[in-house]
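[1] Here's my sequence, what's the structure:
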Amino acid sequence: RGRPSGRPQRRAARRRVRRQVDGRGRRGAMIAASNRRALDACYIGPGRSVQISDSPVDLSFGGSAHFSIEAHFYIEPCSEPILPPGHQQGPAQWHGHQVFISKFNGCVSGEYRLGLDGQRRPIFQREVDPWIVTAPDPIPHSEWHSVVATYDGATMRLYVDSRLAAQVACGPQKADSVTPVILGADLCGYATAHHFEGYLSEVSLWRRCLDGADVQLLAQH
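    Below is the predicted model:
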């Protein structure tokens, strides 16, 4: 497996969550799971995932809490067949999903997940009706792309490559202080499922809702 081009390479993967502090000395708005522009933040191979420590409470965004998630990714063709729908993969509508980051235990509890559906279209899910916002276009294999998911207490928005791709009105959800945050998969009945296969070069979370100008600024750094 050759490395994808288009981003600077670094030798070591960085998989720990770093909590940044803002200029007023408080715990900051951004929580980063990787350094900016680091190609090797994490390669997620078949069946692999990374669980973030202390995340069940620290990375919970229940109720109407504002938050944003960013991920840069390079998807590779699946080297293993996608299993048919069943208990370990969840309902049929989740068949073929690949998840970048999740705080989600299908059929049990959760708060959010960000990834691709079975047609490789970006999706952002929260645990309240209407549940999922889906971008209209599929993502090609073997290319770098970015997604940003935001929630402002009333609307879920999904940006693909810095452009607003989809949005939907959505209310508050229950808080989940038990389910961990996982990179490269989610949980379904307490077992990891919906594994992503490819590179995650940047994954970041904010305790606020980014607007369109913020998303454009991210693309410049």
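[2] can you list the weak-confidence ranges in the chain?
    1-42, 79-93 (pLDDT under 70).
[3] tell me which strands and helices the longest helix along the chain is in contact with?
    As assigned by DSSP state H, the longest helix anywhere in the chain is helix 212-218. Applying 3 or more CB pairs under 8 Å, 6 or more residues apart in numbering; DSSP states H and E, one finds that helix 212-218 contacts strand 144-151. C-betas here are computed from N, CA, C, even on glycine.
[4] which residues touch whatever helix or strand comes next after the strand it packs on?
    For strand 144-151, the succeeding helix or strand toward the C-terminus, using DSSP states H and E, is strand 155-160. Applying CB atoms under 8 Å, 6 or more residues apart in numbering, the external contacts of strand 155-160 come out as 122-124, 126, 133-135, 137, 139, 145-151, 164-170, 212, 215.
[5] same thing but 6 Å
    122, 124, 133, 135, 147-150, 165-170, 215 (CB atoms under 6 Å, 6 or more residues apart in numbering).
[6] do the same with stretch 114-123
    The contact list for stretch 114-123 (CB under 6 Å, 6+ apart) reads 69, 95-101, 124, 132, 134-135, 138-139, 147, 149, 160.
[7] in it, what counts as buried?
    Going by neighbour count (16 or more other CB atoms under 10 Å), the buried part of stretch 114-123 is L114, G115, L116, D117, G118, R120, R121, P122, I123.
[8] Tell me which of those fall in strands.
    Members of the buried residues of stretch 114-123 lying in strands (criterion: DSSP state E): L114, G115, L116, P122, I123.
[9] and of these, the nearest to E76?
    L116 (12.1 Å; CB to CB).
[10] which of the buried residues of stretch 114-123 lies closest to F196?
    So of these, ranked by how close each gets to F196 (CB to CB), first place is G115, at 6.4 Å.
[11] returning to that earlier point: show me which of the contacts of stretch 114-123 are buried.
    69, 95-101, 124, 132, 134-135, 139, 147, 149, 160.
[12] Can you tell me how far V128 is from S55?
    20 Å (CB to CB, to the nearest Å).
[13] go on, C107?
    20 Å.
[14] More neighbours: which of those two?
    Neighbour count, other CB atoms under 10 Å: between C107 and S55, S55 has more, with 18 against 13.
[15] Got phi/psi on the more buried one?
    Dihedral angles of S55 (phi, psi; degrees, to the nearest 10) stand at phi -80, psi -20.
[16] Is it in contact with I182, as I believe?
    No: contact status for S55 versus I182: not in contact, 8.4 Å apart, counting by CB atoms under 6 Å.
[17] overlap in contacts of those two?
    By CB under 6 Å, 6+ apart, no residue touches both S55 and I182.
[18] Give the full set of residues in contact with the nearest residue to F104 once chain neighbours are set aside.
    Distances taken as CB to CB, 6 or more residues apart in numbering place G110 nearest to F104, at 3.5 Å, with adjacent residues excluded. Counting by CB under 6 Å, 6+ apart, G110 makes contact with K103, F104, E127, D176, T179.
[19] Lovely, talk soon.
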